[in-house]
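K.L.:
I would like the atomic coordinates for the input below:
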Amino acid sequence: MNPNPRQLKLLAVVQAKGSVTVEELAVTLDVTLQTVRRDVQRLADEGLLSRFHGGVRVPSSTIENIAHQQRENLNADGKTRIARLVAEAVPNDCSLILNIGTTTEAIARALSQHSGLRVITNNLNVASILSANAKSEVIVVGGVVRGRDRGIVGEAAVDFIRQFKVDIAIIGISGIEADGSLRDYDYREVKVSQTIIAHAREVWLAADISKFNRPAMVEVATLSQIDRLFTDATPPDPFPALLNEAQVRFEVALS
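P.N.:
Residues are numbered from 1 along each chain as shown. Okay, the predicted model is just below:
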């Protein structure tokens, strides 16, 4: 499914609060209980929410991400806007690393008209998209390919990335928790992402609004290790204060 704006707002409310009653959602969204229940049922069927008697909460799993196709469709418009904003900020003739994620794949599409880029990636989807651009070069990381999303992980990938120091690492993330930690699900992917961060002169995080207050098992980094954040809506509390404290420049891709 590709959630509509009302459903995206519903998701954002639940993610900001952790759990919320159906009645609270109806008041917040200014819609009927029937509309909320219908939206909640659809989002729960897609694994984006967990239901309990009288309300909903964020999905409880911290060990497994939702499927790649679901993530691709979730807030696709927001990811496209983020991708355009990131692409506007990327200069021609620079070196980049793009990691695993549907947002970085959207960014790859937005970079299709750039020239002189040298892009290292552990995402075969990103490599496929950018390899169509004859004006740039793509370097694919070696390692184990995850069939579910065509991401490349493992120690071989870590060793490969250690050879480089790029101008900008553009990374996606599964979740940003209220303590300022950036988190993901697969510790093998996390090791690669940590190496990417360590081997970039600047680190840009691209994360749509659904990633805030979303739990995951393994810590990748903290906001203090990020230079710029690109998102599609103003993050909920306490994130504006955390970003200010960490001196992260954050930019919102408007409609």
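K.L.:
sketch out the low-pLDDT regions of the stretch 51-200 of the chain for me.
P.N.:
Scanning the stretch 51-200 of the chain for pLDDT under 70 picks out the ranges 60-74.
K.L.:
the helices in it, which residues?
P.N.:
Assigned by DSSP state H, counting those that start in this stretch, the helices in the stretch 51-200 of the chain fall at 68-73, 76-89, 102-110, 124-130, 155-161, 187-198.
K.L.:
tabulate these (JSON lines), appending distance to Thr28.
P.N.:
All C-beta spots, glycine's among them, are computed from the backbone N, C-alpha and C. Output for the helices of the stretch 51-200 of the chain, formatted as JSON lines (distance: least, Cβ to Cβ, whole Å):
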{"stretch": "helix 68-73", "distance to Thr28": "24"}
{"stretch": "helix 76-89", "distance to Thr28": "19"}
{"stretch": "helix 102-110", "distance to Thr28": "26"}
{"stretch": "helix 124-130", "distance to Thr28": "36"}
{"stretch": "helix 155-161", "distance to Thr28": "43"}
{"stretch": "helix 187-198", "distance to Thr28": "34"}
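K.L.:
identify whichever of those helices lies nearest to Asp237.
P.N.:
helix 76-89 (19.6 Å; Cβ to Cβ).
K.L.:
list the contacts of the closest one.
P.N.:
With contacts defined as Cβ atoms under 8 Å, 6 or more residues apart in numbering, helix 76-89 is touched by 2, 8, 102-103, 106-107, 109-111, 114, 170, 204, 206-209, 228, 230-233, 251, 253-255.
K.L.:
show the buried residues in those residues.
P.N.:
Those of those that meet the buried threshold are 8, 102-103, 106-107, 109-111, 114, 170, 204, 206-209, 228, 230-233, 253, by 16 or more other Cβ atoms under 10 Å.
K.L.:
in strands only, show me these.
P.N.:
Using DSSP state E, 170, 204, 206, 228, 230-231 are the members of those that sit in strands.
K.L.:
adding distance to Asn122, write those out as JSON lines.
P.N.:
Shown next, in JSON lines, are those (distance: Cβ to Cβ, whole Å):
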{"residue": "Ile170", "distance to Asn122": "12"}
{"residue": "Trp204", "distance to Asn122": "16"}
{"residue": "Ala206", "distance to Asn122": "16"}
{"residue": "Arg228", "distance to Asn122": "21"}
{"residue": "Phe230", "distance to Asn122": "20"}
{"residue": "Thr231", "distance to Asn122": "23"}
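K.L.:
ok, those vs Asp184, which is closest?
P.N.:
Using Cβ to Cβ, these come closest to Asp184 at Ala206, 14.1 Å.
K.L.:
do you know the pLDDT at the closest one?
P.N.:
Reported pLDDT at Ala206 in the predicted model: 98.
K.L.:
quick check: bridge partners of it?
P.N.:
Phe230 (DSSP bridges).
K.L.:
go ahead and confirm it touches Thr103.
P.N.:
Yes - if you go by Cβ atoms under 8 Å, Ala206 and Thr103 touch, sitting 4.7 Å apart.
K.L.:
any common contacting residues for these two?
P.N.:
82-83, 172.
K.L.:
pull out the buried members of those residues.
P.N.:
Buried among the shared contacts of Ala206 and Thr103 (16+ other Cβ under 10 Å): 82-83, 172.
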